[in-house]
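# here is my input, please return the structure:
(2 chains)
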Amino acid sequence: MRAAGSPVYIYPAAHMHYGSHPFVYYLWYYLWIAPHVFQIAVMWVMVRRRLHRQFPLFFIYTVAEVFQAAALVSISARLGFGTTYQQVFAGFLAVSTAARFGVIIEILNHVLKRYPAVDSTGRSFIRLSTVVLLAGAVLLAVVMPQTNSDFLLRATYSLDRSVTILQCGLLIALFIFSRYFSLSWSSLDFGLALGLGVFASVELATSAVWLHLGKFGNTSVNLFSMGVYHCCVLIWLFYVLKPEKISQNVPEQIPNHDLEVWNQELQRLVRL
Amino acid sequence: MMTITSVVVLVAVFALLSMVVLAKRQTTSAKALENPSRHMRPVDVEAFRNLIDPAEEEFLRRNLQPTEFRRIQRKRLLAAAEYVSGAAHNAAVLLRLAEAARHSTQPATVQAAERLIADALRLRLYALHVVPRLYIAAALPGGSFRPTLAAEKYELIVRQVVMLGLQYPTQQVTTSL
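Numbering: from 1, shown residues only, chains lettered A, B, ... in the order given. Purely as a prediction, here's the structure:
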């Protein structure tokens, strides 16, 4: 999944290939910089609505992404896309990856906090899913041939693919668990998971394509991936801005005794 | 190499589609609130009691040829699994109602909704344990079904299924909304 939204490689290749198309030049830089500008907007809205207290890890992730983009843009402007860029990129990738796992755990905690009855079941299910996904990721890492001679990029992308499988799988597991138990999510939990899930699944596909091409930084794939990240940031911005919707059918009209009767009967059964 | 790449890309596309479908269902399931009674499944309580009655099972075992007993017992267990699934489905609908009631301005309603949610979730959890066992027992109908279940959970799911069949007040739900 690359340090999200940042190109692994790198404008000059695109410039050479699409030298006569300045549109690609501008599109490249737009897709690199614009998502992070929108992330500043996400941060601003989160602080204004005090959402950063509810979602501290997502807030930290967003801050880290903005910071990494600023750092990588300035490094590329001064030193190009050489070794320094790649080393810093790999460092940020590790931070980004850890933060994204944190966000998934944060979403899980938010969802389960509202449903103590299935809290332990949910955690067990996610733990089990993690073990299975980890086994799958390791198996794929062993089976998938490595074509790139650059150790840093090779290691980065092997790790990246494994992590993407884990994140993608964990989000699907979370959706399935919620679906079975008919758990309601807050709209922001839902939006964050959807954005992360879309990005992780697309990154899984692009990482496989990169490996198949035998070189990293294929311009079209990179642009596609950056475009998807842009969409994900817009999803997050949308859900951060969206007020929490309360059902139109809030049963203020439901006679209290009806609900109590259902509840008492169920409770009696549980205790019998 | 090409094959592995294709498989990974297909898995990724499948994952993406799964998430979109699950996310879509996540939003549409809230609509069940608009007319809950339409989403409830009828559970024939007496029939279910009969299906899981050990005495009835023993009676059939004694009075039928083994082949005939297995055939009938398989049908009985599959029907029982259907009932449990129906009750679990009804619990999900009640859960949606209670979920909406969480936003009530009346603390008592909110409290009652929280309890209903917890109970409905437990029922779905028990159903998750019981339904596969019923299907396994249906696949091997010669043995006794009861010992395959933890007795406590078995009794609980039986009672919960019976109660949901008896108590889910379709009319009351309709009239109260």
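
# which element, helix or strand, includes the nearest residue to residue A:236 once chain neighbours are set aside?
For residue A:236, the nearest residue in space outside its immediate sequence neighbours is residue A:195; the separation is 4.9 Å by C-beta to C-beta, 6 or more residues apart in numbering or on different chains. Heads up, the C-betas are built off the backbone N, CA and C, glycines and all. Residue A:195 belongs to helix A:187-213 when elements are defined using DSSP states H and E.

# and the next helix or strand past that helix?
Following the chain from helix A:187-213 toward its C-terminal end, the next helix or strand by DSSP H and E is helix A:219-241.

# would you mark the buried spots in stretch B:109-125?
Neighbour counts using 16 or more other C-beta atoms under 10 Å in any protein chain shown place B:109, B:111-125 of stretch B:109-125 among the buried residues.

# circling back: what about the residue nearest to residue A:236, distance to chain B?
Look at residue A:195 and chain B: by C-beta to the nearest C-beta, to the nearest Å, they are 11 Å apart.

# where does chain A dip in pLDDT?
Low-confidence regions of chain A, defined by pLDDT under 70, span residues A:1-21, A:144-150, A:152-153, A:214-218, A:245-272.

# quick one, helices of it?
Listed in chain order, the helices of chain A (DSSP state H) span residues A:11-17, A:22-48, A:51-54, A:56-79, A:83-113, A:119-143, A:151-181, A:187-213, A:219-241, A:256-271.

# just to revisit the earlier point, isn't the residue nearest to residue A:236 up against residue A:235?
Yes. With contact taken as C-beta atoms under 8 Å, residue A:195 and residue A:235 are classed as touching, separated by 4.2 Å.

# longest helix anywhere in chain B?
Selection of the longest helix in chain B by residue count, based on DSSP H, yields helix B:66-101.

# now do that one: distance to the chain's middle.
5 Å (C-alpha atoms, centre = their mean, to the nearest Å).

# residue 71: neighbouring residues, count only.
Going with chain A. Here the number of neighbours of residue A:71 (other C-beta atoms under 10 Å in any protein chain shown) works out to 17.

# actually it's chain B I care about, not the one you picked
Around residue B:71 sit 13 other residues, with neighbours defined as other C-beta under 10 Å.

# show me what the helix holding residue A:195 is packed up against.
In terms of contacts (3 or more C-beta pairs under 8 Å, 6 or more residues apart in numbering or on different chains; DSSP states H and E), helix A:187-213 is packed against helix A:83-113, helix A:151-181, helix A:219-241, helix B:2-28.

# stretch A:50-58: end-to-end distance?
End-to-end span of stretch A:50-58 (C-alpha to C-alpha, to the nearest Å): 13 Å.

# model confidence for the residue lying closest to residue B:139 once chain neighbours are set aside, exactly?
Excluding its sequence neighbours, the residue lying closest to residue B:139 (C-beta to C-beta, 6+ apart) is residue B:74, at 7.8 Å. What the model reports as pLDDT for residue B:74 is 90.

# burial of residue B:74, as a residue count?
A count of nearby residues for residue B:74, using other C-beta under 10 Å, gives 16.

# verify the contact between it and residue B:140 for me.
No. With contact defined as C-beta under 8 Å, residue B:74 does not reach residue B:140; the gap is 9.1 Å.

# what about residue B:81, neighbour count?
By the criterion of other C-beta under 10 Å, residue B:81 has 20 neighbours.

# repeat that for residue A:213.
Around residue A:213 there are 14 other residues, counting by other C-beta under 10 Å.

# before we move on, back to that, tell me which of the helices of chain A is the most buried.
Per-residue neighbour counts averaged over each of the helices of chain A give the maximum for helix A:187-213, namely a mean of 23 (mean count of other C-beta atoms under 10 Å in any protein chain shown).

# compute the inter-axis angle for it and helix A:22-48.
Angle, helix A:187-213 to helix A:22-48, by axes from the mean of the first three to the mean of the last three C-alpha atoms, to 10 degrees: 150 degrees.

# against chain B, how distant is residue A:95?
Counting by C-beta to the nearest C-beta, the gap from residue A:95 to chain B is 24 Å.

# in contact with the residue lying closest to that residue once chain neighbours are set aside, which residues?
Take residue A:95 and drop its neighbours on the chain: the residue closest to it by C-beta to C-beta, 6+ apart is residue A:64, 5.5 Å away. The neighbourhood of residue A:64, defined by C-beta atoms under 8 Å, 6 or more residues apart in numbering or on different chains, consists of A:92, A:95-96, A:99.

# make it 7 Å
Residues in contact with residue A:64 (C-beta atoms under 7 Å, 6 or more residues apart in numbering or on different chains) are A:95-96, A:99.

# now these in a markdown table, with distance to residue B:98?
Conversion of these to a markdown table gives the following (distance: C-beta to C-beta, whole Å):
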| residue | distance to residue B:98 |
| --- | --- |
| A:95 | 41 |
| A:96 | 39 |
| A:99 | 35 |
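
# do you know which of the helices of chain A lies nearest residue B:82?
Each of these was scored for nearness to residue B:82 using C-beta to C-beta, and the closest is helix A:151-181 (17.5 Å).

# got the angle between the closest one and helix A:119-143?
Calculated by the same axes, to 10 degrees, helix A:151-181 forms an angle of 150 degrees with helix A:119-143.
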